[in-house]
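J.: coords below, sequence missing:
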């Protein structure tokens, strides 16, 4: 099985088979991992094994280091991959929707304290910075995503955003005006945790919440769906449609528990 065939990973993510992907990516400890003891080593690894992309997606204004068919690990054997799941190297359609929405509506994040939850490649955090957010925190439980986000900030001429690697879902999240999350509703248990935590954020702190999703079944069928108001919908470019098994659009939703 190919390690980073993007269609395969998308299929697994949609079907909730995340453990299978993790097993593929971490089945063998590679010698390179033992040598990757510093952030600079990981930075160099990312630079050498990704391609700079700013086309064939919804946000040509932003440059990102991503996996493409031109990259070594797109087709490499899974035991050669030295880190955990490389979701930071794929520009998921929900994240594209959020990022496009922020760039097209700069007032949404301007002057705000913003949290990009499950930041992945950091695109939404970068968009918030571009649009004048007062403070931006990118959060992901994969520390490699933090380094990838740092590289992508630098690639776009921005100061690095603060990165938080702890799982903050369920914690006391004071201090954020706006929480962004894209493509996070891929597993029922996680969706339930997000629902409860986001509701707490809104009820306790008045936090605004924007969700990006292309219409995955685990999202459309969840109870949170009744509490969302559509803010924007975007047609996906042909290349993104192909990578997402024919999904044609991606949507930004505002979470309004009072609905």
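T.: Great, that's in hand. As the structure is a prediction and not an experimental result, all values here were calculated from the model. Residues are numbered from 1 along each chain as shown.

J.: these two touch, right, residue 235 and residue 248?
T.: Yes - using CB atoms under 8 Å, residue 235 is in contact with residue 248, at 6.6 Å. Yep, even glycine has a C-beta here, placed from its N, CA and C like the rest.

J.: all helices for the stretch 151-259 of the chain, in order.
T.: Along the stretch 151-259 of the chain, the segments classed as helices by DSSP state H, counting those that start in this stretch run 188-205, 217-220, 238-243.

J.: burial count for residue 149?
T.: Using other CB atoms under 10 Å, residue 149 has 27 neighbouring residues.

J.: for residue 80, same thing?
T.: 12.

J.: ditto for the one 3 residues further on
T.: Applying other CB under 10 Å, we find 20 other residues in the vicinity of residue 83.

J.: what about it, which helix or strand?
T.: Using DSSP states H and E, residue 83 maps to neither a helix nor a strand.

J.: picking that back up, who wins for proximity to residue 168 among the helices of the stretch 151-259 of the chain?
T.: Shortest distance between residue 168 and the helices of the stretch 151-259 of the chain, using CB to CB, is found for helix 188-205: 8.5 Å.

J.: nearest to residue 64, out of the helices of the stretch 151-259 of the chain?
T.: Comparing the helices of the stretch 151-259 of the chain by CB to CB, helix 238-243 comes nearest, at 13.4 Å.

J.: what is the nearest residue to residue 68 once chain neighbours are set aside paired to in the beta sheet?
T.: Leaving aside its sequence neighbours, residue 68 sits nearest to residue 51 (CB to CB, 6 or more residues apart in numbering; 4.5 Å). Counting by DSSP bridges, residue 51 is bridged to residue 66.

J.: quick one: residues contacting residue 51.
T.: Residue 51 sits next to 65-68, 70-71 when contact means CB atoms under 8 Å, 6 or more residues apart in numbering.
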